[in-house]
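**Student:** Provide a 3D model corresponding to the input given below.
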Amino acid sequence: MDRLAEIAEKFGDSLKPHHKEQFETSTLEDMQTELSDIQSKQDQTKTLMNMNRIEKFLSGMEDLSKALTAVNNRDVGHAMAYVWGSIRFLLRVTSPTEKPFDSVLDVYEQLGVHLPQLQNFEKLFRTFPGFEQCLVNIYDDVQRFHKLAYKLFSLRTKLWQRLHKSVWKDLNHTFKQLAKSLDTHRKFIQMHSAGLIDKPHGSGNSHYNIDNGLNTVYPQNWDPINDDFNRYRYGAKEFWREFEESEVERKRKQRTAIKAWISSSNKVEEMHKRFQTIRNTCPKSGRWLFRSYAEVSDWMKEDEPPESAIWLHGSKGFGKTILASLIVDELKSLSTSETKNVIPSDSSIYYFYCQEDDNEQRTYLDILKGVLHQMIYADEYILPLCDDRRHQGVEDNLSNAETAQTLIEAFIEHAPRQYIIIDGLDECEPNEARQTAHFFMQQVSKCDNDVKLGQLRVLFTSQTMPELSKQMPEGDASITLKLDDNAEDIRTYVQKRMVEFSASNEFSRGFNLSDADKQQMESIVCHQSQGMFLYAHLTMEYLLQQQTKGELLEKIKQEMLPKKLEHIYEKLLGSIEAKLKGLEGGNSQWEKAKILLGWLVCAKRPLKWHEIQSILSFDTVKEVVDFDNRMLRHNVRKYLGSLVHVLEGGHIRLIHSTARRYIIDNNRISENEVQCRLTALCLRYLSLPCFVNGYQDIQRKENARQGWFSFQDYACSHWHSHINTVIRSCNDIIVLDDNIQTQAVQAQWEFATALDLFIETHGHQLASEIHAELEEDPIDRFQGFPEKFHENLRIIWNHIFTHQKGDFDCRNTVGITQIDDALRINRTCLEEHFAPTDSAINSDTIEDYYGPNLFKCQRTLCRFFYVGYNSAKARDNHHARHDRPFTCPVACNLAPIGFSNKKDRDRHVRLYHREESDRPSRFEAPTRKKGRFKCSICEDTFTRKTNLRGHERSHFGDRPYSCSTCGKAFGRQSDCRRHEKIHARRGA
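**Tutor:** Numbering: from 1, shown residues only. Coordinates of the predicted model:
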């Protein structure tokens, strides 16, 4: 019976302390009284729910209690108290709501049907003591159900009501398993009780002996029964082991499906790993944040932090993203046993890095999806709700911010403590940043006031943004990072990098610097950094690219070293140019580097490495795509050095968001020239024979294998937006001026000839009627150009304008019928004849040319038009999401898939098209709960009396709490304690 007590205690440990006390003292009579009260209330309100369904279960529990007592009365009363307490609790909590109460009664009925009538089998348990384990197994199964039900219904009422439907449905697998398990116990008991019958004295039986004391028949040979019992006991363990394994697999598949549905950017984790690598250069870097700013340490560690939301803001290039990654890892460390669990071990830490140049990491929805993606791995209990929403949406990917908000709210309310770090809000559009700050601040306020202070803690980082300040934390929670905060970190970093100037390798013998040289370099770089970690990093990269010691020493003179970020970017470009031109075929190498850099900053969306390779492989003279001979066989860093970094999956990023602005402003790369050339490439590519009707299938299949269709996703979806940019913005390139530079003339010629070829190829399918609302001004300034060029521009401009003014479905196509048809056929050819691992040419694979996903969405405005899926089934399921009745009324590319309801559409219009909305967009500040304690002087209210007392002292300048170290006085004890911690940290 020790196992019975063990099961009972384990169940008791799963209860909340105040519930445990109630359960331990519950009796059968208490439960029956509760049942009677519920029936009376339902009778009075005429809401009776057929409570006879629980009768067999209650009868079975009474029998179980008597049978356990008859075998051994130790611990039985305590163990059964948990049963009566569980029934009483579940019925009382769920009875006010119809469906939960009904669902609990249904399970009790389901279990009660399979309970044995134990009063008929008492002799079995007295005869075979080992068989009492059957009773314990029945008790264990019953408490398995009660534990699962208690976990749900012991949550806050609003939360369990939100979760009930999905969680209960998900638990049905377990409920059926419990019923099967109880049935197994019942059948085993019935089978072995058949031979135990009351026999009169003297009756003969060759297999049984009679115990005169008990007048009970028992078998002469125990071995068969012992064998049966061992098989039963082993079978019961295997029964649950196999089920638990199947549940683990079911949950894994469920989580995988939810992850695919959320479809968040997979780059956030890769970025965090890269930031960890950067920090490893100086492992102690950034720790001043915890010593200098008690607000941050208290936010991390205190059970009730003074501030649950914090805003860290500072200048560009300060290193705020690296600080954010440090905070993430510090929180993870504080929750481990090695640090004695400074914060609870079950705390969850979520993070997101916003990126201005990535259209998967710069919107409010992107941030919600990124956080939600991490939540499904941290808290399994909310997965059924996510799965329910996934099926309700009839869509393959989450695209509704309100759905994401609802799920995040559930995760936030369920978990004991959560930290959310959102870095780089200034890299988002102001609307997106405001929505993000508003939502998470609202959740913080809700948790602090309605759930528990500090259950949710949020930290934002950004540049100082006045337009965002109304939505962000204020007062002590708004922390301005000072320029000298990271001065020592910058110095340590520079010292670490100094070793590279002495290191010898196959490319360098080192610079043979004296200690004085190194000291001078360290001093100048640190002084000119002015708190900008980015400046220090780029400067060290620049200095390492010097060719001789003399050049290096000349550069480190204060007047020679660039003083601003834009100048250091310019110098880095110059160094890359000099290095590449020094190689064999240097001019060609440098031209390739300029092309790569130009595409990275001018493309309409981030390009992957295989897409860049496809552009390089397009020979515009021979009109062929030749991956085999033209693709680069070296890493991109050979050409662009420290200006870029490459994430897993082929994602190429500039070193920092500031890089794009400075690169396009320098005198080596002309943004408008690149725009003209990239537009010309799109037009020439779409004029290839494979995009014209009548192309032969045999040739198409061979072209597919050679990589011809690798550039089609980009060209088909962005050709018109590039033309729009050229017509509206490239005034310095498309201009009648004999004095313009040769490069500009070349770019102009490339665009003009490509446009002519495109019109010749597809002109018969372009819009012939001039649109009534056509915007003429952008075209009128080209009237002085040759007539054919001007006419071609007018034709293509009118077609693009007509296409963009079309309905939602029209805007989601290429806009030229034979290109749309060719795109579809080309993709079908790839899908039907090739797999990513197939050989393309020699050792090159199809994945080298096309990436891992060959199954793409057909809508050009959808991100899955180019991201794609790895199976046709996933792609086909995704297509269903586009069948939505409410679309944006404006020619808008921000909402390419429409909306499932009018409310979401109207919200989108209010945020992004205010001129179309009946009322302006507004973001209300999070509301706070009305405090009970009112100041007698200014009538401010507070939720806690201690805060009121501290506030009232401020009216009179009363500061009764003094620092034990420096004597500084404070009006609130919490402020004093926080101040004293600064001394403690600095002294550590």
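
**Student:** any low-confidence regions in the stretch 451-600 of the chain?
**Tutor:** Applying pLDDT under 70 to the stretch 451-600 of the chain picks out residues 505-508, 558-559.

**Student:** Leu459: helix or strand, and which one exactly?
**Tutor:** Here Leu459, judged by DSSP states H and E, is contained in strand 456-463.

**Student:** can you pull the contacts of the nearest residue to Gly235 once chain neighbours are set aside?
**Tutor:** Once flanking residues are discounted, Gly235 sits nearest to Thr184: 7.4 Å by Cβ to Cβ, 6 or more residues apart in numbering. (Glycine included, C-beta is placed from N, CA and C.) Contact partners of Thr184, counting by Cβ atoms under 8 Å, 6 or more residues apart in numbering, are 232, 235-236, 239.

**Student:** Could you list which residues are in contact with Cys134?
**Tutor:** Shown in contact with Cys134 (Cβ under 8 Å, 6+ apart): 125, 185, 188-189, 232.

**Student:** can you rerun that using 10 Å?
**Tutor:** 67, 116, 118, 121, 124-125, 128, 184-186, 188-189, 192, 229, 232-233, 236 (Cβ atoms under 10 Å, 6 or more residues apart in numbering).

**Student:** Narrow those residues to just the buried residues.
**Tutor:** The neighbour-count test (16 or more other Cβ atoms under 10 Å) marks 67, 116, 118, 121, 124-125, 128, 184-186, 188-189, 192, 229, 232, 236 as buried among these.

**Student:** before we move on, back to that, okay, among the contacts of Thr184, which ones form the most distant pair?
**Tutor:** Spatially, the most separated pair among those is Tyr232 and Phe239, at 10.1 Å (Cβ to Cβ).

**Student:** returning to that earlier point: between the buried ones among the contacts of Cys134, which is closest to Arg977?
**Tutor:** Ala236 (55.6 Å).

**Student:** I figured that closest one hits Lys180, correct?
**Tutor:** No - the criterion here is Cβ atoms under 10 Å, and Ala236 misses it with Lys180 at 11.0 Å.

**Student:** Now the common contact residues for those two.
**Tutor:** Common neighbours of Ala236 and Lys180 (criterion: Cβ under 10 Å, 6+ apart): Asp141.

**Student:** Secondary structure of the residue nearest to Gly235: a helix, I assume?
**Tutor:** Yes - counting by DSSP: H, G, I helix; E, B strand; the rest coil, one finds Thr184 located in a helix.

**Student:** Against Tyr234, how distant is it?
**Tutor:** Distance from Thr184 to Tyr234, counting by Cβ to Cβ, to the nearest Å: 12 Å.

**Student:** partners of the strand holding Leu459 in the sheet?
**Tutor:** strand 309-314 (parallel), strand 418-423 (parallel) (DSSP bridges).

**Student:** list the buried ones in the very next helix or strand once past the last one?
**Tutor:** For strand 418-423, the following helix or strand on the C-terminal side (DSSP H and E) is helix 430-446. The neighbour-count criterion (16+ other Cβ under 10 Å) identifies 432-446 as the buried residues of helix 430-446.

**Student:** For the strand holding Leu459, list the C-alpha coordinates in PDB.
**Tutor:** Extracted in PDB, the C-alpha atoms of strand 456-463 (Å, rounded to 0.1, in the frame of the first residue of the first chain):
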ATOM      1  CA  LEU A 456       5.400  39.800 -17.700                       C
ATOM      2  CA  ARG A 457       8.500  41.900 -18.200                       C
ATOM      3  CA  VAL A 458       9.200  43.700 -21.500                       C
ATOM      4  CA  LEU A 459      12.400  45.500 -22.600                       C
ATOM      5  CA  PHE A 460      12.600  47.600 -25.700                       C
ATOM      6  CA  THR A 461      15.700  49.000 -27.300                       C
ATOM      7  CA  SER A 462      15.900  51.600 -30.100                       C
ATOM      8  CA  GLN A 463      17.400  54.900 -31.000                       C
END
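
**Student:** Taking helix 430-446 as reference, get the angle to that strand.
**Tutor:** Strand 456-463 and helix 430-446 are oriented at 150 degrees to each other (axes from the mean of the first three to the mean of the last three Cα atoms, to 10 degrees).

**Student:** quick check, distance from strand 456-463 to the centre of its chain.
**Tutor:** Taking Cα atoms, centre = their mean, to the nearest Å, one finds strand 456-463 lying 16 Å from the centre of the chain it belongs to.

**Student:** Kindly report the same for stretch 417-429.
**Tutor:** Relative to the centre of its chain, stretch 417-429 is centred 12 Å away, using Cα atoms, centre = their mean.

**Student:** so what's the residue nearest to Ala401 when sequence neighbours are not counted up against?
**Tutor:** Once flanking residues are discounted, Ala401 sits nearest to Leu365: 4.9 Å by Cβ to Cβ, 6+ apart. By Cβ under 10 Å, 6+ apart, the contact list for Leu365 reads 264, 398-401, 403-405, 432, 435-436.

**Student:** SS state for Arg653?
**Tutor:** Judged by three-state DSSP, the three-state class of Arg653 is strand.

**Student:** list the contacts for the closest residue to it other than its chain neighbours?
**Tutor:** What sits nearest to Arg653 in space, not counting adjacent residues and going by Cβ to Cβ, 6+ apart, is His645, at 5.6 Å. Neighbouring residues of His645 by Cβ under 10 Å, 6+ apart: 271, 274, 278, 636-637, 651-656.

**Student:** Run through the neighbouring helices and strands of the helix or strand encompassing Ser246.
**Tutor:** Taking DSSP H and E as the criterion, Ser246 maps to helix 223-262. Contact here means 3 or more Cβ pairs under 10 Å, 6 or more residues apart in numbering; DSSP states H and E; on that basis helix 223-262 packs against helix 132-153, helix 157-193, helix 364-378, helix 383-392, helix 401-414, helix 872-879.

**Student:** Serialize those to TSV and add fields for distance to Asn666 and mean pLDDT.
**Tutor:** Output for the helices and strands packed on helix 223-262, formatted as TSV (distance: least, Cβ to Cβ, whole Å; pLDDT from 0 to 100):
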stretch	distance to Asn666	mean pLDDT
helix 132-153	61	96
helix 157-193	55	93
helix 364-378	30	97
helix 383-392	47	93
helix 401-414	38	95
helix 872-879	41	84
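
**Student:** could I get the ones you listed as JSON lines with distance to Gln355?
**Tutor:** Below are those laid out as JSON lines (distance: least, Cβ to Cβ, whole Å):
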{"stretch": "helix 132-153", "distance to Gln355": "39"}
{"stretch": "helix 157-193", "distance to Gln355": "33"}
{"stretch": "helix 364-378", "distance to Gln355": "9"}
{"stretch": "helix 383-392", "distance to Gln355": "25"}
{"stretch": "helix 401-414", "distance to Gln355": "19"}
{"stretch": "helix 872-879", "distance to Gln355": "24"}
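
**Student:** Indicate which one of those helices is closest to Asn672.
**Tutor:** The nearest among the helices and strands packed on helix 223-262, by Cβ to Cβ, is helix 364-378 at 29.6 Å.

**Student:** got the angle between that closest one and helix 430-446?
**Tutor:** Between the axes of helix 364-378 and helix 430-446, defined by the same axes, to 10 degrees, the angle is 40 degrees.

**Student:** gap between the residue nearest to Ala401 and Ala433?
**Tutor:** 13 Å.

**Student:** got it, and Asp366?
**Tutor:** From Asp366 across to Ala433, the span is 12 Å (Cβ to Cβ).

**Student:** Let's have the strands paired with strand 456-463 in a markdown table, adding distance to Ile615, mean pLDDT and mean neighbour count.
**Tutor:** A markdown table is the format used below for these (distance: least, Cβ to Cβ, whole Å; pLDDT from 0 to 100; neighbours: other Cβ atoms under 10 Å):
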| stretch | distance to Ile615 | mean pLDDT | mean neighbour count |
| --- | --- | --- | --- |
| strand 309-314 | 38 | 95 | 24 |
| strand 418-423 | 32 | 98 | 24 |
